[in-house]
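Asks: Okay, here's the prediction I keep looking at, along with the sequence it came from:
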Amino acid sequence: MASKTYKILHNDVLGNYMVANEDLKQGKLIFKEAPVLVGPHLNGPARCFKCLKTINLLMCSFCDSCNTALMCADYCQGTHHTEEECLTLKTQKVKGQILAENPSVIFPLRVLLLSIYNPKAFEEVLKLEPHLEKRRDTAIWRRHRISVEEILKETNLLRKEDIEEELVQKVCGILDVNAFEVRPPLDLSITNPEKQCLRGLYPVASIMAHDCSANTHIAVDDNFLMSVYASVDIKENETIFNNYASVLQGNQDRQDTLLEGKYFSCACKRCKDPSELGTEISSLICHKCRKGLLRFTEMEKSFKIWQCYQCKLCFKDFLINLAIDEGRRRINDLDLTDIQAMEKLYKNLLLTFHPNHYLLLELKQNMVGLYSKLPPTKNNLNRKIDLCGRLMSVFSKLEPGISRAKALTMYELQSAIVEISNKQYREKEINQERLILELQTAERILKDSVKYLLYEPPKSPEGRMAQLALNELKLLRNSIKNIQQNILVGNNEVNDKKAEITKRLKDKLERNKKKEKENVEEKPISRRKQKNKKK
Ligand SMILES: C[S@@+](CC[C@H](N)C(=O)[O-])C[C@H]1O[C@@H](n2cnc3c(N)ncnc32)[C@H](O)[C@@H]1O
């Protein structure tokens, strides 16, 4: 598999992986890919075969033709239940009710159906890594046996030869190791996109190896078409990486996710650096010396050792995990509409965690969201600017280049700068020149935010935000121009006045000079006159 932008190589550590076939500039589209299939999560709710929206099982209907595929409504216009799939299901003569009662079988079943109506696509899917040996007889294997394999067998959902244990487990393994989380269409929530995620199978994209600080930016549109861009410049022959974990996950969480779900220990630059690229995103404050930071140092048998770099005290990871669990519990218990409670908890957690610890970053993101809704007092705006700045400094290190998290934070940051500087100008705390400087700073930030947001599909929440941000950028530029013109007009008026005053002074001076001259000419005559008088 090769294209102009990438090629596929193989080594013992990564298996198949993708490298750049040429120098790729930041923002370069590396490839686009449509999914082979999209389906629900193993534990996710049942979804309409046509539009993939969550189904209310009490009110669902079944496809008129195959009588098996679940539908959200008779009139659903979705396109994801293809004619071939429909015909194949029809020949299986199974009751759709079985799928409604066992939503875990839906996605593996749809993959297995491919073997009947699209063997070529099925063959491509089977080339993906299932990690069969690492999964054999583990908890996940047993779970798939009960929730997928046995249901398929009991209900005669497929021909006997299609549901051999090995094949079903392979398909489940391929889905777990390779599928991408994708957002359902029309889901406009940016705050918790994971909540209602679907899984999509993208055989090319899934070849990208993992790095906790990836060099790609992935955008999926409402038809699940995936676009993969270079998020930074990538040199020819450099590996093209995707981040399988979330950027704000700490070291331990990431390692657990990757080991449990993808069957490898990550040894990327970020994972090997106890400060996590200088961010301290996993560091805690040492409870003994209260000066140093506790960072993970090394694995010892099955647990990690954490050490204070100042007083050298060591902790086993279960103690660190206790502190993290307690912090997590307190954040989960928070009322996310109560800014005072959030600020109080933030201060409190600073006694245990580094300010950039991922728990505090999560809290900061929630606080920025809430400050955006609170009355725009100077205090609120200043705090929002401060929090956005802190978030930005972490994102810039962990996600250099094109980054969704950075773009959203930059948008919030510039809006607070615009609001506070206009307020300060209205209240005569700053003059027009200073106002322009502040607005120009906001303009630069908004321009970068727009630059990154424009990589998002237009109908996604971030894509809509890109259009909003673009309009705001135009307005901001206009208002800067207007103020500059005001200053120019003001300066011209001042200059005119100055010129008038100078002219008047000059005239006066001329007049005085003239008078003096006249006096000088007059004086000798008068003296002579006086002399004559005396005579
Ligand atoms: C989505 S697949 C990627 C394609 C896979 N390498 C293949 O040959 O089909 C994920 C698997 O690739 C391997 N992998 C990806 N990134 C890795 C990394 N940074 N270190 C070690 N293994 C990695 C792991 O085996 C992982 O389970």
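Replies: Ah, there it is. Fair warning: this is a prediction, and the values are worked out from it, not measured in the lab.
Asks: residues from the chain in reach of the ligand?
Replies: Neighbours of the ligand within the chain, by Cβ under 6 Å from any ligand atom: 13-17, 128-129, 131, 177-178, 206-207, 209-210, 262-264, 266. Glycine gets a C-beta too; all of them are placed from N, C-alpha and C.
Asks: Residue of the stretch 1-150 of the chain nearest the ligand, please.
Replies: Distances between the stretch 1-150 of the chain and the ligand by Cβ to the nearest ligand atom are smallest at G15, namely 2.8 Å.
Asks: can I assume H354 is in contact with G278?
Replies: No: using Cβ atoms under 8 Å as the test, H354 is too far from G278 to be in contact (11.5 Å).
Asks: Between the two, tell me which one has more neighbours.
Replies: Set H354 next to G278 and count neighbours by other Cβ atoms under 10 Å: H354 wins out with 20 against 12.
Asks: Next, the contact list for the more buried one, please.
Replies: E280, I281, S283, L284, I285, L293, L360 (Cβ atoms under 8 Å, 6 or more residues apart in numbering).
Asks: Return the subset of these lying in helices.
Replies: Among those, the members found in helices (DSSP state H) are L360.
Asks: Make TSV out of the contacts of H354 and add neighbour count.
Replies: Shown next, in TSV, are the contacts of H354 (neighbours: other Cβ atoms under 10 Å):
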residue	neighbour count
E280	18
I281	24
S283	25
L284	22
I285	20
L293	20
L360	22
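Asks: of all the contacts of H354, which comes closest to the ligand?
Replies: For the contacts of H354, the nearest to the ligand is I281 (18.8 Å; Cβ to the nearest ligand atom).
Asks: which helices and strands does the helix or strand encompassing K344 pack with?
Replies: Assessed by DSSP states H and E, K344 sits inside helix 339-349. On a contact count with 3 or more Cβ pairs under 8 Å, 6 or more residues apart in numbering; DSSP states H and E, helix 339-349 meets helix 317-332, helix 358-373.
Asks: count of neighbours near the nearest residue to G15 once chain neighbours are set aside?
Replies: Among residues not flanking G15 along the chain, E129 sits closest, at 5.7 Å (Cβ to Cβ, 6 or more residues apart in numbering). E129 has 15 neighbouring residues, counting by other Cβ under 10 Å.
Asks: can I assume E129 sits in a strand?
Replies: No: under DSSP: H, G, I helix; E, B strand; the rest coil, E129 falls outside any strand and is assigned coil.
Asks: for it, what are its contacts?
Replies: Listed by Cβ under 8 Å, 6+ apart, the contact set of E129 reads G15, N16, I174, V177, N178.
Asks: Of those, select the buried ones using a PyMOL command.
Replies: Command for PyMOL, covering only those of the contacts of E129 found buried under the criterion 16 or more other Cβ atoms under 10 Å:
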select buried, resi 16+174+177+178
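Asks: Can you flag which of the contacts of E129 belong to strands?
Replies: Counting by DSSP state E, the contacts of E129 place G15, N16 in strands.
Asks: Closest one of the contacts of E129 to L109?
Replies: Here the nearest of the contacts of E129 to L109, counting by Cβ to Cβ, is I174; it sits at 13.8 Å.
Asks: Specify which residues of this structure, grouped into ranges, have pLDDT under the cut-off.
Replies: 1-3, 93, 156-163, 185-196, 298-303, 492, 520-535 (pLDDT under 70).
Asks: domain assignment for it?
Replies: Here the domain parsing of the chain from automatic domain parsing is 1-30+208-243, 36-201, 258-374, 377-489.
Asks: which residues in the stretch 1-150 of the chain form helices?
Replies: Secondary structure of the stretch 1-150 of the chain (DSSP state H, counting those that start in this stretch): helices at 83-92, 96-101, 106-117, 119-126, 132-135, 139-144, 150-154.
Asks: Can you say which of the ones you listed is nearest to K316?
Replies: Nearest of these (Cβ to Cβ): helix 139-144, 24.8 Å.
Asks: Tell me which residues of that closest one come out buried.
Replies: In helix 139-144, counting by 16+ other Cβ under 10 Å, buried: I140, W141, H144.
Asks: Now do that helix: everything it contacts.
Replies: P108, R135, V168, Q169, C172, D176.
Asks: could those be laid out in TSV, adding neighbour count?
Replies: Conversion of these to TSV gives the following (neighbours: other Cβ under 10 Å):
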residue	neighbour count
P108	28
R135	19
V168	24
Q169	21
C172	26
D176	19
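Asks: out of the residues you listed, which one sits closest to K7?
Replies: Of the contacts of helix 139-144, the one sitting nearest to K7 (Cβ to Cβ) turns out to be D176, at 26.7 Å.
Asks: how near is the closest residue to that closest one other than its chain neighbours to A245?
Replies: Of all residues not flanking D176 in the chain, G261 sits nearest, at 6.5 Å (Cβ to Cβ, 6+ apart). From G261 across to A245, the span is 9 Å (Cβ to Cβ, to the nearest Å).
Asks: and the two? which has more neighbours close in?
Replies: Higher neighbour count among G261 and A245: A245, with 21 against 14, using other Cβ under 10 Å.
Asks: Report whether the expected contact of that one with E260 is present.
Replies: No: A245 is beyond contact range of E260, at 11.5 Å (criterion: Cβ under 8 Å).
Asks: where do the contact lists of the two overlap?
Replies: By Cβ under 8 Å, 6+ apart, no residue touches both A245 and E260.
Asks: Of the helices of the stretch 1-150 of the chain, flag the one that's most buried.
Replies: For the helices of the stretch 1-150 of the chain, the largest average neighbour count (mean count of other Cβ atoms under 10 Å) is found in helix 106-117, namely a mean of 22.
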